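J.: Generate a structure from the sequence data that follows.
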Amino acid sequence: MVEDAEKVNADAIVNVRLTTSMVMQGAAEILAYGTAVKFR
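T.: Purely as a prediction, here's the structure:
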């Protein structure tokens, strides 16, 4: 997430959220996402 924000010259990442889902017994998928912002 940080690398992607740096690629678009963002100043910060806000509203970071994590979601999980079980894909099979003993394994889970974790998704992290946020909004990259640029200050004026």
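J.: can you give me the helices for this protein?
T.: For the chain, the helices defined by DSSP state H cover 2-7.
J.: Any stretches of this protein with poor pLDDT?
T.: Nowhere does the chain drop to pLDDT under 70.
J.: Closest to the centroid, which residue in it?
T.: Geometric centre of the chain, nearest residue: residue 33, 2.4 Å, by C-alpha atoms, centre = their mean.
J.: wait, what's in contact with that one?
T.: Listed by C-beta atoms under 8 Å, 6 or more residues apart in numbering, the contact partners of residue 33 are 1, 16, 17. In this view, the C-beta of every residue, glycine as well, is placed from N, C-alpha and C.
J.: cutoff 10 Å now
T.: By C-beta atoms under 10 Å, 6 or more residues apart in numbering, the contact list for residue 33 reads 1, 13, 15, 16, 17, 18, 19.
J.: what's the answer for residue 4, then?
T.: Applying C-beta under 10 Å, 6+ apart to residue 4 gives the contacts 10, 13, 34, 36.
J.: Now compare those residues and name the two farthest from each other.
T.: Spatial extent of these (C-beta to C-beta) is set by the pair 10 and 34 at 9.8 Å.
J.: Name the residues contacting each of these two.
T.: The overlap between the contact sets of residue 10 and residue 34 (C-beta under 10 Å, 6+ apart) consists of 2, 4.
J.: export the contacts of residue 4 to JSON lines and tack on distance to residue 26?
T.: Compiled in JSON lines, the contacts of residue 4 are given as follows (distance: C-beta to C-beta, whole Å):
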{"residue": "10", "distance to residue 26": "36"}
{"residue": "13", "distance to residue 26": "31"}
{"residue": "34", "distance to residue 26": "28"}
{"residue": "36", "distance to residue 26": "34"}
